[in-house]
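Enquirer: how would this look folded up:
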Amino acid sequence: MEASNIIFQGRGLWWLWLSLAALAAAGVIFLYRYERRLVAARIGNSLLALRLSAIALLFFALLQPVLAVVRERAAERRILIAIDVSQSMQTPDPQASDAEKLRWARALGTIGNDHNRDRIDQWLQALENEQEPKWVASGDGEAAVQLAQTRRDSLHQLLDEIGALQRREIVQRILTSTTTPLLAKLQRIGDVQIHLFADKAVAVDGDALSLMDLNEQELGLNVGVTNLQAGIAAGTSSVEQPSTAGIVLLTDGRDTSTHDPIATARALGRENIPLFPVLIGSPRKPVDITVTDLDFPTSVFLGDTPRLTATLATTGFAGRALEVILQPASGAAMRKMVNVEADTTTVAFDWPADSAGRSSFSLSVAAQPEELRDDNNSAEFALTVVDDTIRVLLIEEEARWEFRFIDNAFLRDSRVDVAQVIFEQPFLNVLDASFFPRQLDWPDDPAAWDKSALAETDVVIVGDVSQTHLTPADWESLDRYVDAGRGTLVLLAGKNHATDGELPPALQRLLPVSDLRIEQFAKKSAQSSPSERGFHLALTPEGEREPMLQFAADPQANREIWRNFPGHVWGMTGTAKPGASVLATMVPPADAPPGTSKNRAILARQTYGLGQVLWLGIDSTWRWRHRAGDRYHHRFWGQLARWGARQQSLGGTDSVKFGFERSDIAQGETAVVRARFNRVFLERYPQLTATAELVAAGESRILQTLPLTPSPGRPLAYEGEAVDLPPGEYTARLKVDGADLGAAEFVATLFVSQPPTKELTDLSANAELLSQLATVSGGRLIGPDDLSELPQLLNAAEAAHGDRDEVALWQHPLLLLLFCALVTTEWVVRKLNGLP
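Expert: The predicted structure is shown next:
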């Protein structure tokens, strides 16, 4: 069948075209009256008809008529069904409201028929209003009371049974097990094709569909991921298939992939393929405990006490105390009781790293009886303890107070090897040289920075130094040290040279902040007690998560420590650059002048190339020693040095350090193995070649031999890569030809885990996302009890999306030929009868 109609695209100016046509017709009629005196009536009438026909045809063309023809598709309609079989779909929803459960019960056909439909509607309305349903329509006798009690008990028992059903089972029953199965209804109106999806989509036979007995491994599905984009795109790209009437998506909507399902749904909408998501599950969050995030350093130094922080989702446990257990693979477990105050709880452990090597852990919370599921109460992780030294270079103009206390903190830290350069210092020429070096032994060419001591430095700290001593060329060397050498640069503010003029270009690039402003408070607040004078530092949320700024495992206790630190009377604040992170802001004193800026950055960091830059806008961290001694000051600078050297830390000897850049990676990530030789060793053996032999734990067969080549961005380092490693534990052994490593054996351990998933982090259904998908595709979000409308919606979508052809009649050649024929005929008739 086909239907056609004419659309006038130029009808917006119809009044203009009609006016012109009327004027032309009036002129033709006036001419006709004149010509009647010269020719016979038959000839005059013929000319009038030809001229009016030409005017009418021109008026018709100016309206821009288009002939639209809609034809039904000859091919059979195709209906795609995409079923979510990810891990979250194995979850029941006992936390769902009674109204939600009653809707599901109606969808499954376990309650309701033609006789009691109105009564169930009334119950549903009452439950949605959080009211007690009216169980009996009339009567107040004993029989009515018993009937009401029976109906109440029966309904609650049914709702409990519905709440215990897994989401997969609800889908299975909807499709195949109700009195009017959805699958059979859809098969009557089109060719139904079914896809199951988790991380990807696979086609299955609908006649043998059994969701409760699936073997996901045989299907090649990773149920730890929900990729909605794969589900809604499955089967839509085949050009050989019949046209698609629509896609039915049965899911809880909780997408845990990195793909964008909304963009795919929008593209389907442009192709007239509507999406009809069916919400399976409740948007309510269940009572559950989940380990949602772990924050820990992947490598730490021997003898340190790293902080291991876990974030727990504790929905429904407010006001309760939960025991969290950190169990090392070897050694005694650490236990902490946490008081739950919200849906998210943080707990931190300080673990002593007293033995080198790889250490694995399990963090868990004991299962609670009311939990929805207990297979998300634990998480495993590992870190590497290295026996290495942090090389720090401390550069200052003079030995100011800040320098003296920082230098003393590093000298007392057994893990830090500190070198100092002081440009201006007393020198009486009694000794051969000053106590500290007075100049940088760096090449004049910044490109040769890797030939200097910078190449063997993990952290460079630059204090209050003038541009006379630290020249623009020196700053360019530091720029390359950070950018290409993966170094860490710490910039400290200072009073003496803060206003030395325009900053060198390299320093302007390196600074994480701009719009620098001096903050000085020398009035009443500067004369009060140390804890009250001047301004203080307030950690931002990101700063609170940064390990180097943590002095207590409890976040609230850490805030109190920072709040009670002595204040500062001088500092510099700035505005964070795009991409930089503000770790702390300035809190002005109560007597600050009006207009004093609040919440400006005073501690900020940024990733710069392959390295990182930290900016600290105060020159008085030594004040933190007030009534606390070394407790916080030494800890801060020790943690800062370890933060700066973390990506450089490797295990080995003084000549060679060997290990993986990250000892724990997820499947699909690239493992980078690195050997770092010291300069003297490389100068002694300039022709050495290095490889790394990779074997699986517990085996002797070499899986891969990785060539280690000089790293263009890391002087003294040789690197290799291993890709596509399956999950498991691996060992790499360093082999060197053309050099003598001695008797030492260099071994590093790598652990490859399954890709991390948030599949069980949030078990609530995501109705908002499904509604967006339906809207942008031209479809509609459907509840399980509205599935009876789905066939009609698919029929309507198919009718609306029939094949449509359009012919622009006003541009058609036949219209031009007809107009030319009328005008030519009029001219011939006029000339044959002697008219001008």
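
Enquirer: how about the strands in the stretch 351-500 of the chain?
Expert: Counting by DSSP state E, counting those that start in this stretch, one finds strands in the stretch 351-500 of the chain at the ranges 357-365, 378-386, 390-396, 416-422, 459-462, 488-492.

Enquirer: of those strands, which is nearest residue 293?
Expert: Proximity to residue 293 (CB to CB) singles out strand 378-386 among the strands of the stretch 351-500 of the chain, at 8.9 Å. Bear in mind the C-beta positions are built from the backbone N, C-alpha and C, glycine included.

Enquirer: for that closest one, buried residues please.
Expert: 378-386 (16 or more other CB atoms under 10 Å).

Enquirer: what is the nearest of those to residue 696?
Expert: residue 382 (16.5 Å).

Enquirer: roughly how far apart are the closest one and residue 310?
Expert: 14 Å (CB to CB, to the nearest Å).

Enquirer: with residue 50 instead?
Expert: For residue 50, the distance to residue 310 - CB to CB - is 92 Å.

Enquirer: next one: residue 211
Expert: 34 Å.

Enquirer: one step back: comparing the strands of the stretch 351-500 of the chain, which gets the lowest mean pLDDT score?
Expert: Mean pLDDT per stretch puts strand 378-386 lowest among those, at a mean of 86.

Enquirer: now what about that one, what contacts it?
Expert: 291, 294, 296-302, 306, 310, 353, 355-365, 649-651, 659-660, 663-664, 749, 751, 753 (CB atoms under 8 Å, 6 or more residues apart in numbering).

Enquirer: 6 Å instead, please
Expert: Here strand 378-386 makes contact (CB atoms under 6 Å, 6 or more residues apart in numbering) with 291, 294, 296, 298-300, 302, 353, 356, 358-364, 649, 651, 663-664, 751.

Enquirer: quick check on these: which are buried?
Expert: 291, 296, 298-300, 302, 353, 358-359, 361, 363-364, 649, 651, 663-664, 751.

Enquirer: how about stretch 144-158: buried residues?
Expert: For stretch 144-158, burial by neighbour count (16+ other CB under 10 Å) applies to 148, 155.

Enquirer: that one - what's its average pLDDT?
Expert: On average, stretch 144-158 scores 89.

Enquirer: from the chain's centre, how far out does it sit?
Expert: Relative to its chain's centre, stretch 144-158 lies at 48 Å (CA atoms, centre = their mean, to the nearest Å).

Enquirer: for that stretch, C-alpha coordinates in CSV please.
Expert: These are the backbone C-alpha positions of stretch 144-158, laid out as CSV (Å, rounded to 0.1, in the frame of the first residue of the first chain):
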residue,chain,number,x,y,z
ALA,A,144,-14.9,-8.2,56.2
VAL,A,145,-12.1,-8.0,58.8
GLN,A,146,-11.0,-11.6,58.1
LEU,A,147,-11.1,-11.0,54.3
ALA,A,148,-9.0,-7.8,54.7
GLN,A,149,-6.5,-9.7,56.8
THR,A,150,-6.3,-12.5,54.3
ARG,A,151,-5.8,-10.2,51.4
ARG,A,152,-3.2,-8.2,53.3
ASP,A,153,-1.2,-11.3,54.3
SER,A,154,-1.4,-12.8,50.8
LEU,A,155,-0.3,-9.6,49.1
HIS,A,156,2.7,-9.1,51.5
GLN,A,157,3.7,-12.7,51.0
LEU,A,158,3.6,-12.3,47.2
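
Enquirer: and the pLDDT at residue 438?
Expert: Taking residue 438 on its own, its pLDDT is 87.

Enquirer: burial count for it?
Expert: Residue 438 sits with 14 neighbouring residues when counted by other CB atoms under 10 Å.

Enquirer: ok, and the closest non-adjacent residue to it?
Expert: Of all residues beyond its chain neighbours, the one nearest residue 438 is residue 423 (5.9 Å), with distances taken as CB to CB, 6 or more residues apart in numbering.

Enquirer: then residue 495?
Expert: Nearest one to residue 495, counting by CB to CB, 6+ apart, is residue 570 at 6.0 Å.

Enquirer: who's residue 736 bridged to?
Expert: Residue 736 forms beta bridges with residue 690, as assigned by DSSP bridges.

Enquirer: tell me how many other residues surround it.
Expert: There are 20 residues near residue 736, going by other CB under 10 Å.

Enquirer: for the chain, which residue occupies the most central location?
Expert: In the chain, the residue lying closest to the centroid (CA atoms, centre = their mean) is residue 258, at 6.9 Å.

Enquirer: follow-up on the earlier one: more neighbours: which of residue 50 and residue 310?
Expert: residue 310 (24 against 21).

Enquirer: which parts of the stretch 501-650 of the chain are strands?
Expert: 513-520, 536-539, 570-576, 581-587, 601-608, 611-616.
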